[in-house]
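Enquirer: Sequence plus the predicted model coming up.
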Amino acid sequence: MIRSAAAVLLLMAAPTHAHDFWMAPERYTAPEDAAKVRAVFRIGTAAEVEDWDTKHEKIVALRSIGPDGVTDQRAHVTIGQPGSVLVHLQGRGTHIITLESTPSEIELPAAEFNDYLDHEGLTLIRDWRAKNGQSDKPGREQYARRAKALVQLGDGPTDMVTRPVGLSLEIVPERNPLTLKPGEALPVRLYFRGEPLAGARLELESLSAVSGSNMALTTDAEGRARFTLPHKGNWKIATVWSVPVQGNPRVDFDTLFGSLTFGY
């Protein structure tokens with residue numbers, strides 16, 4: 001079992017919540033002259049994956065950040081099944097692709113919503129519902145998605161990926177995963193609205209094979225956790241965070257789902 005002073009390791013006994021969302025590039029490393037890389041939008045888990053029902057009105061922003069700056073990629077989105085984007089990249093180094101979706105609303109029966117809170121480790125919302133006598137009432141939330149993917153063009157991984165790019169829920173690797181040697185830990189930091197987020201669950205899952213090596217860590221007081229990747233391949237780290245909402249007659253909670261995908 002992997003342990004560190006920065007986080008508590010939990011072996012996953014149940015699949016990731018079906019709202020998990022991520023971008024899956026067709027390849028995470030490409031030659032420097034490969035100017036276009038297609039990325040597909042996914043929902044679910046590596047074992048039970050679905051295509052995201054892509055619509056332009058669901059996308060707030062879709063960008064790439066690379067050595068040559070920030071590029072708006074929204075015009076390159078393909079609508080349909082599967083929805084995807086043909087990302088136009090330029091310049092040697094590690095590129096960050098980011099997607100922000102518009103919020104959607106959902107209402108779940110009390111028992112199902114409570115199980116969801118327990119599974120995702122959303123103790124803030126579970127305790128708020130108990131304190132306010134809401135535990136036996138349906139859960140009403142608005143949710144949106146924040147996804148990042150790392151794509152390497154040519155040689156020379158760059159440290160730019162170790163800094164936040166401004167997503168409202170953002171998983172930031174504090175080392176470029178491509179620079180890790182076997183057995184070295186990948187330190188990550190979670191930010192919510194620009195500040196480090198403590199007490200949130202980060203779930204690691206292999207996208208290359210369903211190997212049973214999935215695990216979860218809880219961020220420490222500085223929003224940090226450290227994963228040791230058990231094998232090479234493509235990986236996803238996902239999280240969810242929710243806060244109570246005041247003054248909205250339709251929903252009680254504002255929820256964000258975040259993810260980071262990369263090759264190792």
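Expert: Sure, I can see it.
Enquirer: On the three-state scheme, Trp128 is what?
Expert: helix (DSSP: H, G, I helix; E, B strand; the rest coil).
Enquirer: Could you pull up the residues touching it?
Expert: 134, 244 (Cβ atoms under 8 Å, 6 or more residues apart in numbering). The way it works is simple: take the backbone N, C-alpha and C, and place the C-beta from them, glycine included.
Enquirer: ranges for the strands of the stretch 101-250 of the chain?
Expert: 104-108, 139-153, 169-173, 185-192, 195-196, 201-206, 215-218, 224-228, 234-244 (DSSP state E, counting those that start in this stretch).
Enquirer: ok, for Arg74, nearest residue in space, not its chain neighbours?
Expert: Leu62 (4.6 Å; Cβ to Cβ, 6 or more residues apart in numbering).
Enquirer: Equivalent analysis for Glu105, please.
Expert: Counting by Cβ to Cβ, 6+ apart, Gln142 is the residue found nearest to Glu105 once chain neighbours are left out, at 5.0 Å.
Enquirer: which residues in this structure form helices?
Expert: Applying DSSP state H to the chain gives helices spanning 110-120, 123-131.
Enquirer: Let's see the last one as PDB, backbone CA atoms only.
Expert: It stands for helix 123-131. Extracted as PDB, the C-alpha positions of helix 123-131 are listed here (Å, rounded to 0.1, in the frame of the first residue of the first chain):
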ATOM      1  CA  THR A 123     -18.500  15.400   3.500                       C
ATOM      2  CA  LEU A 124     -19.100  19.200   3.400                       C
ATOM      3  CA  ILE A 125     -22.400  18.700   1.600                       C
ATOM      4  CA  ARG A 126     -23.400  15.600   3.600                       C
ATOM      5  CA  ASP A 127     -22.800  17.500   6.900                       C
ATOM      6  CA  TRP A 128     -24.700  20.600   5.600                       C
ATOM      7  CA  ARG A 129     -27.700  18.500   4.700                       C
ATOM      8  CA  ALA A 130     -27.700  16.900   8.100                       C
ATOM      9  CA  LYS A 131     -27.300  20.200   9.900                       C
END
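Enquirer: quick revisit: which one of the strands of the stretch 101-250 of the chain lies closest to Thr45?
Expert: In terms of Cβ to Cβ, the element of those nearest to Thr45 is strand 201-206, at 6.5 Å.
Enquirer: Let me see the mean pLDDT of that closest one.
Expert: Strand 201-206 carries an average pLDDT of 95.
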